[in-house]
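Novice: here you go, sequence then predicted model.
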Amino acid sequence: MIVRPIEGGLEVLAPAKLNLFLEILGKRPDGYHDLESLMVTVDLYDTLTLVDDPSGEVTLRCDDPSLPTGPDNLVIKAAQRLKESSGTTRGVAITLNKAIPAQAGLAGGSSDAASTLIGLDRLWDLQSSPETLDQIAASVGSDVAFFRQGPVAVCRGRGEIVEPWPIFEPLHFVLVCPPVGVSTAAVYRNVVLPETPRGVGEVLEALELGDLTKLGRSLFNRLQPVAERLEPSLGAVEAALAGLVGPLLNGSLMSGSGSAYFGLASDRDAAVEAARRLATLGLGRVRVVTCDP
Ligand code: C5P
């Protein structure tokens, strides 16, 4: 997360995330699922500006008219909960410029909420403890706490228990964002629990060794077949990326509950070449993205 001072406030860049591994361990009494996931941030950013509002009000403007800007928006939820928990009388005028597509499995809304928490803690000079910020983060959404600790972490529980993990070299990806979105809740509702869950160990070992071939082979997402059943048009994206595994990519996967897919490349040049080929297929928006250590 990148925070910069601007006139009267702060600008915060909220990164997208990719899941390089996602296993579902079981269903919980609260309706959520216990999971184990390896998440990485990448350099595709929403931009938030936070400007102090002495009236005490919290307001949001967004350049995407399809998104709610009231109490349903995770940014407003995060800001209100931080305001309540801290007791501050200060307010903020927030503007949100979206670049991360919604319903893509890239956690744009969660990242926006995390950026709001971290930015407002600084703007309002609250010096909240990490525990307080994480508690509010988890109450806003399962993926929010991860963004305080990225760029790479193993996430457990319903996603809110975050163990940062070191990487030593940048990871380069080609990212395909199809024009259709997938509902996270619908995907989780339809997932079949595995009898023998896979473990994240192989992925962590590959990261530790810097072995991108092994990492590509270890990519795994339990939710991918579920999303592809709910949205059959995603099969073409899966196939196009899988067709580049070997010559250009080390592996490919759907991120989170979809609909975005990524391919892991050995270097930036391979990712750029994969993007060039994929862009001709009309599958959706194609980009090269990087996770920097
Ligand atoms: O926590 P968040 O609001 O991002 O989750 C969206 C939906 O995804 C939840 O309402 C739930 O249906 C599902 N979910 C789940 N288990 C998780 C995370 C999300 O069942 N660990």
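Specialist: Yep, that arrived.
Novice: please count neighbours and contacts with C-alpha atoms only from this point.
Specialist: Fine.
Novice: what's the domain layout of this structure?
Specialist: As recorded under automatic domain parsing, the domains making up the chain are 2-164, 171-291.
Novice: wait, does the first one contact the ligand?
Specialist: Yes - Domain 2-164 is in contact with the ligand by Cα under 6 Å from any ligand atom, via Tyr32, His33, Asp34, Leu35, Gly141, Ser142, Arg158, Gly159.
Novice: still on that earlier bit, mean neighbour count for the domains of the chain - can I get that in a markdown table?
Specialist: Output for these, formatted as a markdown table (neighbours: other Cα atoms under 10 Å):
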| stretch | mean neighbour count |
| --- | --- |
| domain 2-164 | 20 |
| domain 171-291 | 19 |
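Novice: mind giving me CSV with those domains and columns for mean pLDDT?
Specialist: Conversion of the domains of the chain to CSV gives the following (pLDDT from 0 to 100):
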stretch, mean pLDDT
domain 2-164, 97
domain 171-291, 97
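Novice: in strands only, show me the residues of domain 2-164 next to the ligand.
Specialist: Among the residues of domain 2-164 next to the ligand, the members found in strands (DSSP state E) are His33, Asp34, Leu35.
Novice: for the last one, name its beta-bridge partners.
Specialist: Beta-bridge partners recorded for Leu35 (DSSP bridges): Ile24.
Novice: so how far is Asp143 from it?
Specialist: The gap separating Leu35 from Asp143 is 12 Å, by Cα to Cα, to the nearest Å.
Novice: could I get the full set of strands for this protein?
Specialist: Along the chain, the stretches classed as strands by DSSP E are 2-6, 9-27, 33-53, 58-62, 91-97, 152-156, 161-164, 171-177, 220-221, 249-254, 261-265, 285-291.
Novice: run the chain-centre distance for the first one.
Specialist: Yep, that's strand 2-6 we're talking about. Taking Cα atoms, centre = their mean, to the nearest Å, one finds the center of strand 2-6 at 21 Å from the center of the full chain.
Novice: one more: the last one?
Specialist: Strand 285-291 has its C-alpha centroid displaced from the chain centroid by 13 Å (Cα atoms, centre = their mean).
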